[in-house]
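>>> Can you look at this prediction? I've put the sequence above it.
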There are 2 protein chains.
Amino acid sequence: MANMLIIDDDQHLRKLVRTYGEVEGFHCQEAEDGEHALEAARKTSFDILVLDVMMPDMDGFDVLKEIRLTSQVPVIMLTARDEEYDKLKGFELGADDYISKPFSPKELMARVRAVLRRSGKNQTDSITFGRLSIDPASRTVLLHSQKLNLPPKEFDLLLKLAQNERVVLSREKLLQTVWGYNYYGDVRTVDTHIKSLREHLGQYRKLIQTVWGVGYKLEYMEEI
Amino acid sequence: MANMLIIDDDQHLRKLVRTYGEVEGFHCQEAEDGEHALEAARKTSFDILVLDVMMPDMDGFDVLKEIRLTSQVPVIMLTARDEEYDKLKGFELGADDYISKPFSPKELMARVRAVLRRSGKNQTDSITFGRLSIDPASRTVLLHSQKLNLPPKEFDLLLKLAQNERVVLSREKLLQTVWGYNYYGDVRTVDTHIKSLREHLGQYRKLIQTVWGVGYKLEYMEEI
DNA sequence: GAAAATTGTGAGAAATTTGTGAACGAAATG
DNA sequence: CATTTCGTTCACAAATTTCTCACAATTTTC
């Protein structure tokens, strides 16, 4: 299972993030300041860092700068509200995402998943939502441990949506990325495939949400 | 939704850039020469310009020089070849980036995103006010950790106001930026959407304030 | 305080967008 | 080569949103 390093001077916040992280199945380690974080990062290889910006002595950016000298590990930064400039600085230094305090732990975890998914450029890793699992390598989908036979286009469509969890993709974008850049068909073709895909997904049809006037997105919610 | 102005004498190239721009979610407008570009820029406020250097009569540098007299809008220049001289001149005049023809549309869009991010017009970061959080990527609004379903226009309107916190936006400005530069409807339509948006926001309706005789603004105060 | 200007609001028609079933040819399968 | 599956388009129904308008309420101006 994946390793998570939580870096924050606030012990309660560390604890909070840890609790949610562990629910998601991470091995969590905590660091109370930059020094300890860098030391921990030297000793262990982490799969994701959750890094607070505002810390005494060495702030989050300093830590990130150090980290980035040797590693491309995914980093999510915690910023106080209204720190537009900080956001920018964070992204330039190579943060993968940020979230403003106060945040809901659920949202943080959703972003953690999304970042891991994105940074796992490894197309061969399968993507899982509850009891639905998508494996790009073998091009198979498992639903309740049972193989689901999807037609090629539907599989590609599902995979694209899954790789962009929580991000709305317009019909045009989907056509471009799934059908190809030189496809000039009817945009509504997407709808037809979505319909068919939803039928195949059974109760998991709720994963695929229509964003009225914009497009479609895949969003996983615990209760499925 | 951001406005993009594409300035090039080559109609096919304009069309190409437009197509990709629209996939990325921009409202796109085209200008076939410097004159038309300046006129369009006077009428509409754009978030980014894509400007060809080589054009008959008034070339890209002339256009940029004019634009920079009144505006700091991000500009990406298209240069014919890998001309060091062009790059230099462009940067001196205040271009934000350049790209040599022939270019891949994907790369152009990557640069557009990068420039917008640098200029602080990041469209993808979520914005939080107390217990209200707006996420452009997933087009969701969380109010007290609960999802708020807003119609497209209301979401765009809220996002625009949020991205301009404490800045009064006139109805005309809102129509132009949210509805699009080519919308010619009743100005009072804005009022109707504001009303509906306020209803949806519940106690957070106080966020959206009427500035009598001018327009609307979003202002967050701790006590909500 | 009356008049004028501006904004709030309710209701409903109009327009837009999406869901869906059906049809048809292309492609894959055996 | 017959059969099945797949991809696409289309038309219509259903759902949702957008827009306009009239009038009420509020604020400003005179």
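Great, that's in hand. Numbers count the residues shown, from 1 in each chain, chains lettered A, B, ... in the order given.
>>> hey, which helix or strand in chain A has the poorest pLDDT?
Using mean pLDDT, DSSP states H and E, helix A:84-92 stands out as the lowest-scoring helix or strand of chain A, at a mean of 50.
>>> can you count the residues close to the spatially closest residue to A:Met221 that is not a sequence neighbour?
Excluding the flanking residues, the one nearest A:Met221 by CB to CB, 6 or more residues apart in numbering or on different chains is A:Lys206, at 7.5 Å. (Each C-beta comes from the backbone N, C-alpha and C, glycine too.) For A:Lys206, the neighbour count with other CB atoms under 10 Å in any protein chain shown is 14.
>>> if we can go back for a sec, downstream of the least confident helix or strand of chain A, the next helix or strand is which one?
strand A:97-100 (DSSP states H and E).
>>> Does at least one residue of that next one sit close to chain B?
Yes. Strand A:97-100 lies within reach of chain B by CB under 8 Å from any CB of the partner chain, at A:Tyr98, A:Ile99, A:Ser100.
>>> where does A:Ser170 land on pLDDT?
At A:Ser170, the pLDDT value in this model is 95.
>>> close enough to count as contact, it and A:Val214?
Yes. Using CB atoms under 8 Å, A:Ser170 makes contact with A:Val214 at a distance of 6.1 Å.
>>> How is A:Ser196 assigned, secondary-structure-wise?
Look at A:Ser196: counting by DSSP: H, G, I helix; E, B strand; the rest coil, its state is helix.
>>> just A:Met4 next, same as before
A:Met4 is classified as strand under three-state DSSP.
>>> Kindly provide the distance from it to DNA strand C.
36 Å (CB to the nearest atom of the strand, to the nearest Å).
>>> any idea where the strands of chain A begin and end?
Remark: strands assigned in chain A by DSSP state E are A:3-7, A:27-31, A:48-52, A:75-79, A:97-100, A:127-129, A:132-135, A:140-143, A:146-148, A:169-170, A:208-211, A:215-218.
>>> Output these as CSV; include the columns distance to DNA strand D and mean neighbour count.
Below are those laid out as CSV (distance: least, CB to the nearest atom of the strand, whole Å; neighbours: other CB atoms under 10 Å in any protein chain shown):
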stretch, distance to DNA strand D, mean neighbour count
strand A:3-7, 37, 24
strand A:27-31, 39, 19
strand A:48-52, 34, 25
strand A:75-79, 31, 25
strand A:97-100, 26, 21
strand A:127-129, 20, 17
strand A:132-135, 16, 19
strand A:140-143, 12, 18
strand A:146-148, 11, 12
strand A:169-170, 15, 22
strand A:208-211, 9, 17
strand A:215-218, 14, 22
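>>> which non-adjacent residue is nearest the residue in chain A positioned nearest to DNA strand C?
Here chain A gets closest to DNA strand C at one residue, A:Thr210, 3.7 Å apart by CB to the nearest atom of the strand. Nearest-residue entry for A:Thr210: A:Tyr216, 6.0 Å, with adjacent residues in sequence omitted and distances by CB to CB, 6+ apart.
>>> Let me see the contact set for the one you found.
A:Tyr216 sits next to A:Leu161, A:Val168, A:Leu169, A:Arg171, A:Leu174, A:Val190, A:Ile194, A:Ile208, A:Gln209, A:Thr210 when contact means CB atoms under 8 Å, 6 or more residues apart in numbering or on different chains.
>>> Could you tell me the model confidence score at it?
A:Tyr216 is given a pLDDT of 98.
>>> Who does it form a beta bridge with?
A:Leu169, A:Thr210 (DSSP bridges).
>>> One more: A:Gln146?
Beta bridges link A:Gln146 to A:Leu143, judged by DSSP bridges.
>>> And for A:Asp97?
Bridge pairing for A:Asp97 - DSSP bridges - gives A:Ile76.
>>> Kindly report the same for A:His27.
In this structure, A:His27 bridges to A:Asn3 when assessed by DSSP bridges.
>>> For A:Glu22, grab the count of nearby residues.
Neighbours of A:Glu22 (other CB under 10 Å): 13.
>>> Enumerate every residue touching it.
A:Cys28 are the contacts of A:Glu22 under CB under 8 Å, 6+ apart.
>>> mind checking how far it is from A:Ala110?
For A:Glu22, the distance to A:Ala110 equals 16 Å [CB to CB, to the nearest Å].
>>> Residues of chain A that sit close to DNA strand C?
A:171, A:188, A:191-192, A:194-195, A:198, A:210-215 (CB under 7 Å from any atom of the strand).
>>> mind putting those residues in TSV, distance to A:Ser126 included?
Formatted as TSV, those follow (distance: CB to CB, whole Å):
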residue	distance to A:Ser126
A:Arg171	26
A:Arg188	30
A:Asp191	27
A:Thr192	26
A:Ile194	22
A:Lys195	25
A:Arg198	21
A:Thr210	26
A:Val211	26
A:Trp212	31
A:Gly213	32
A:Val214	28
A:Gly215	24
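>>> Filter those residues down to the buried ones, PyMOL style.
Typed into PyMOL, the next command selects the buried ones out of those (criterion: 16 or more other CB atoms under 10 Å in any protein chain shown):
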select buried, chain A and resi 171+194+198+211+214+215
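>>> Between the residues of chain A next to DNA strand C, which sits nearest DNA strand D?
Closest to DNA strand D out of these is A:Thr192 (3.9 Å), distances taken as CB to the nearest atom of the strand.
>>> who touches that closest one in this structure?
By CB under 8 Å, 6+ apart, A:Thr192 lies in contact with nothing.
>>> What score does the residue of chain A closest to DNA strand C have for pLDDT?
97.
>>> how near is it to A:Ala95?
Taking CB to CB as the measure, A:Thr210 falls 31 Å from A:Ala95.
>>> what's the closest non-adjacent residue to the residue nearest the centre of chain A?
With distances taken as CA atoms, centre = their mean, A:Ala114 lies nearest the centre of chain A, 0.5 Å away. Spatially, and ignoring its direct neighbours in sequence, A:Ala114 is nearest to A:Glu165 (5.3 Å; CB to CB, 6+ apart).
>>> and what of A:Glu172?
B:Val23 (4.7 Å).
>>> now swap in A:Gln176 and tell me
In space, and not counting its chain neighbours, A:Gln176 is closest to B:Val23: 5.7 Å by CB to CB, 6+ apart.
>>> Run through the residues that contact that neighbour.
Contact partners of B:Val23, counting by CB under 8 Å, 6+ apart, are A:Ser170, A:Glu172, A:Lys173, A:Gln176.
>>> per-residue pLDDT, the spatially closest residue to A:Gln11 that is not a sequence neighbour?
Distances taken as CB to CB, 6+ apart place A:Glu32 nearest to A:Gln11, at 7.2 Å, with adjacent residues excluded. A:Glu32 carries a pLDDT value of 92.
>>> A:Pro152 now?
Looking at A:Pro152, its pLDDT is 93.
>>> From DNA strand D, how far off is the residue nearest to it when sequence neighbours are not counted?
Closest residue to A:Pro152 apart from its sequence neighbours, by CB to CB, 6+ apart: A:Arg139 at 7.9 Å. Look at A:Arg139 and DNA strand D: by CB to the nearest atom of the strand, they are 12 Å apart.
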